[in-house]
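Undergrad: From the sequence below, what's the structure:
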Amino acid sequence: MSGHSKWNNIKHKKEKADAAKAKIFTKIGKEMAVAIKAGGADPNTNSKLRDLISKAKANNVPNENIQRTIKKFSDNSDVNFEEITYEGYGPSGVAIIVETSTDNRNRTAGNVRAWFNKYGGNLGQNGCVSYLFEEKGVITIVDEDDELDEDKIMEDALECGAEDIKSDEGEYSIYTAPADLDAVRDAIIALGYKISTADLAKVPSTYVELENDDDIENMEKMLDKFNEDDDVNAVYTNWDN
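TA: Below you'll find the model as predicted:
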């Protein structure tokens with residue numbers, strides 16, 4: 001039974017990673033729209049777009065999808081996304097940062113505020129919780145076949161320039177300095193590892209543990225609503241779950 005349970009946990013981790021990957025694809029597309037609007041559709045003259053193409057490829061986005069996205073936003077100058085970050089508190093003071101890309105800030109702000117209010121939180125001012133987080137590069141590897149050795153991954157990651165690595169039931173999170181993300185990612189791939197995601201993320205410096213069942217349920221529902229919202233690129237919390 002324990003093996004079955006472990007497989008279910010790994011399967012759940014893979015499903016989470018696949019969902020995160022899909023969200024990253026959407027996020028990169030919107031970031032490309034912003035970059036194309038600002039600097040044009042030629043990656044040779046638009047360094048931001050060039051970096052995003054590299055990021056998309058590192059996250060296993062097919063080249064045809066990348067080119068289709070570039071063409072879509074090159075041909076449609078009316079599509080205009082802006083990036084907006086919201087900060088607030090969840091149940092029992094959990095710090096929450098919600099990053100969005102939107103073509104309608106009123107819709108996005110209304111949705112974000114509604115999810116905070118409905119599930120026992122409140123939307124705060126910019127800066128109210130961001131000081132509790134530090135930006136890091138985060139590379140994830142999901143051990144679908146239960147064949148990776150944790151000590152070996154840690155050794156390889158550190159030799160590749162990573163700062164830290166954490167494991168959780170078949171999922172490995174490798175942390176880097178923001179500027180080192182690309183180099184560490186490429187080095188890990190060169191060693192033969194198959195990464196699930198590679199992106200910049202906000203990592204909390206302190207954590208809040210929820211003990212009340214209602215708080216836990218509300219926190220889970222709030223995060224589900226944020227993650228289901230197409231305008232939301234990423235959500236960061238200091239919930240110790």
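Undergrad: Kindly list the main-chain dihedrals of the closest residue to Ser167 other than its chain neighbours?
TA: Computed as CB to CB, 6 or more residues apart in numbering, the closest residue to Ser167 that is not its neighbour in sequence is Glu150, at 5.4 Å. For the C-beta atoms, the positions are set from N, CA and C on the backbone; glycine is no exception. The phi and psi torsions at Glu150 (degrees, to the nearest 10) take the values phi -60, psi -40.
Undergrad: What score does Glu150 have for pLDDT?
TA: Reported pLDDT at Glu150 in the predicted model: 88.
Undergrad: swap in Glu147?
TA: 83.
Undergrad: Is it in a helix, a strand, or coil?
TA: Secondary structure state of Glu147, per DSSP: H, G, I helix; E, B strand; the rest coil, is coil.
Undergrad: Give me the phi and psi for it.
TA: phi -120, psi 0.
Undergrad: Please name the residues that touch it.
TA: If you count contacts by CB atoms under 8 Å, 6 or more residues apart in numbering, Glu147 has none.
Undergrad: ok, and for the longest strand seen in the chain, which residues are buried?
TA: What stands out as the longest strand in the chain, according to DSSP state E, is strand 133-142. Residues of strand 133-142 classed as buried by neighbour count (16 or more other CB atoms under 10 Å): 133, 136-142.
Undergrad: What of stretch 60-69?
TA: For stretch 60-69, a neighbour-count test (16+ other CB under 10 Å) marks 61, 66, 69 as buried.
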